[in-house]
Structure formats: structure tokens, C-alpha cells
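Undergrad: Turn this into a model:
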Amino acid sequence: MPTAADGRVTFYVDLLHSGKKFQGSFTVRRPNFGDVGAIAAGISRLAQGQPIVDQQTGAILNAIANLSVLTEEHPEWWMDVIESENIPLVMAVYAHYLREREESPFRQAESSGDTTNTTGGAARSARAGRNPSGADGGGTSESGE
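TA: Residues are numbered from 1 along each chain as shown. Next up, the predicted model:
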């Protein structure tokens, strides 16, 4: 169940991977400015300083870096999963996090146009070429379409 009064999302996973159950609760905080830099550095470190040339690799590195930086509480097995580079399990946990974050009151406030306490709505809007307040009714892509 998400709890977002303080910008944290708490969720429970119950996963079966390679015949083994992985269960437990996670608490992941909303990123602050310092976290954004740490996430970017984590992505660069994981990519070994090389450019990321495909979306799948970028998504995997983004998930690992976000969860590595933002996870405050996790089950005992989590660090073993990260260290063993179990990509399917990491992505399953990240999918749970994203789903719960979307249902959190912070995300709901963002959707209503209130960006005072959100999980990055202004940044997502800026990347999409839109005014974060939504006042422009949308935006254009970099190609001008």
C-alpha cells in the first residue's frame, strides 16, 4: 500500500523466479536534487562511462540506479539480487515500485496539475517539451511534430 505523505512509497512484492519465492516490503523515497545526481552517476557507472545506445539497456540501468539510490527499506534478499545482477527480478521489483508510485497521492496531485509535491512531474513534462503547469495544453516533440 503506498504511503506518500512524506514522499515515500511502500509496497510488498510476492514474486516467483527460477523456482524460488521472493517476498517482502520495500520503502522507496521520492528523489531530491542530490538523488538525481546520484542516480545519473549510478547509470554512468553501470554503463562504464559508455553511451547507452538502446532503450532496453537504458531502462535496465535506470531501474537499477533508481532502486539502488532511493530504496530505504528492503527485504534481506534484495542486496543479493542487486549484486548478482538478476535483471528480471530487479525489473519486476521496479515495475511494482512504478505501479505503486503512480497510485500514490503525490502522483494524483501531479495529474491534477498540482506540482508542489510530486514525484518528478515537472522534470517529466520538461523532457516531453511541455510546460509543467500544463497551461500550454501539451507540447511538441524535439522534431517539431
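Undergrad: mind checking which helix or strand of this structure has the lowest mean pLDDT?
TA: helix 121-127 (a mean of 39; mean pLDDT, DSSP states H and E).
Undergrad: Run through who's touching stretch 8-23.
TA: 1-3, 24-30, 72-73, 75, 77, 81, 86, 88-89, 92-93, 96-97, 99-101, 104 (Cβ atoms under 8 Å, 6 or more residues apart in numbering). Every C-beta, even on glycine, is put in place using the N, C-alpha and C of the backbone.
Undergrad: Among those, which lie within strands?
TA: If you go by DSSP state E, those have Gly24, Ser25, Phe26, Thr27, Val28, Arg29, Glu72, Glu73 in strands.
Undergrad: Report pLDDT for Lys21.
TA: The model reports Lys21 with a pLDDT of 94.
Undergrad: One more: Ser18?
TA: 89.
Undergrad: distance of it from Arg99?
TA: Plainly put, Ser18 is 23 Å away from Arg99 if you go by Cβ to Cβ, to the nearest Å.
Undergrad: When those two are compared, which one has more neighbours?
TA: Neighbours were counted for Ser18 and for Arg99 using other Cβ atoms under 10 Å; Arg99 has more, 12 against 8.
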